[in-house]
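Enquirer: here is my input, please return the structure:
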Amino acid sequence: MSVEIKHYAAEQLPQIRQHLLDIHVEVRHHDFGLTGPFYDVERFDERLASYASRPGWAAAVGFENGEPVGFCFGVPLGPDTRWWSSMTTPLPEGYTEEDGKRTVALNEIVVRKPWRGRGVAWQIHEAWLSERTEERVTLLVNPAAGAGAVQAVYEAWGYRKAGEQQPFPDSPVFASMTRPVRQG
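Expert: Modelled structure (predicted):
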């Protein structure tokens, strides 16, 4: 299955913000039953605004017949990033050194239920990465999501677990994963 994918920069966020919020609520709350302050739409919108305020933020949104079916977005890690500061696992020397060009963080990837299991998430993910110039991409995944199935999908996409972190006091402990932006 193929969907139409459109790319957006931070200045275009107002065009897609409501789509992102609506999909977040549909998937996180209704499909997965994730509740609590960390998953509230207001908190998601705050994180979205924070990410989009950083240089290099970009999103990819998938559409079928004009209907948004999923999205992903992320931002490069700059020299002042706190991305690696909440690691609970020691990382090799130099692993966390960032300059805004080395690593892009995939902050969110969400696909609506009718489009899951059809390769749409992979398509949106790869379309987003096709526009990136960084060396590697990192993401956080709740190892309990889908009884481990979500992490297994990322592993099938080439991601490898680097360690664990808890970026917010009320967030789950996430597996921190990375892979090269371009896989050869």
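
Enquirer: by mean pLDDT, point me to the weakest helix or strand of the chain.
Expert: Sorted by mean pLDDT, DSSP states H and E, the helices and strands of the chain end with helix 41-52, the least confident at a mean of 91.

Enquirer: moving C-terminal of that one, what's the next helix or strand?
Expert: The C-terminal neighbour of helix 41-52 among helices and strands, as given by DSSP states H and E, is strand 58-64.

Enquirer: can you name the element that comes right after that following strand?
Expert: The C-terminal neighbour of strand 58-64 among helices and strands, as given by DSSP H and E, is strand 67-76.

Enquirer: what is the very next helix or strand once past that next one packed up against?
Expert: Remark: after strand 67-76, the chain's next helix or strand is strand 103-111, criterion DSSP H and E. The elements that strand 103-111 packs onto, with contact taken as 3 or more C-beta pairs under 8 Å, 6 or more residues apart in numbering; DSSP states H and E, are helix 13-24, helix 41-52, strand 67-76, helix 120-130, strand 136-141. In this view, the C-beta of every residue, glycine as well, is placed from N, C-alpha and C.

Enquirer: now, of the ones you listed, which is deepest in the fold?
Expert: The highest average neighbour count among the helices and strands packed on strand 103-111, using mean count of other C-beta atoms under 10 Å, belongs to strand 67-76 at a mean of 22.

Enquirer: average model confidence for that one?
Expert: The average of the pLDDT scores along strand 67-76 is 97.

Enquirer: residues making contact with the least confident helix or strand of the chain?
Expert: Residues lying outside helix 41-52 but in contact with it, judged by C-beta atoms under 8 Å, 6 or more residues apart in numbering, are 10, 13, 17, 20-21, 24-25, 28-29, 37, 57, 73-75, 107-108.

Enquirer: most centrally placed residue in the protein?
Expert: Among the residues of the chain, the one closest to the centroid is residue 108, at 2.5 Å (C-alpha atoms, centre = their mean).

Enquirer: let me know the pLDDT of that one.
Expert: 92.

Enquirer: low pLDDT regions in this structure?
Expert: Applying pLDDT under 70 to the chain flags residues 1, 29-39.

Enquirer: most remote residue from it's center?
Expert: Across the chain, with C-alpha atoms, centre = their mean, the residue at the greatest distance from the centre is residue 93 (25.1 Å).

Enquirer: quick one, what contacts residue 174?
Expert: With contact set as C-beta under 8 Å, 6+ apart, residue 174 has these partners: 140, 141, 142, 143, 164, 165, 166, 167.

Enquirer: and the residue lying closest to residue 20 once chain neighbours are set aside, how far is that from residue 15?
Expert: Leaving out its chain neighbours, the residue that sits closest to residue 20 by C-beta to C-beta, 6 or more residues apart in numbering is residue 71, at 5.7 Å. Counting by C-beta to C-beta, to the nearest Å, the gap between residue 71 and residue 15 amounts to 12 Å.

Enquirer: having no further points to raise, I will conclude here.
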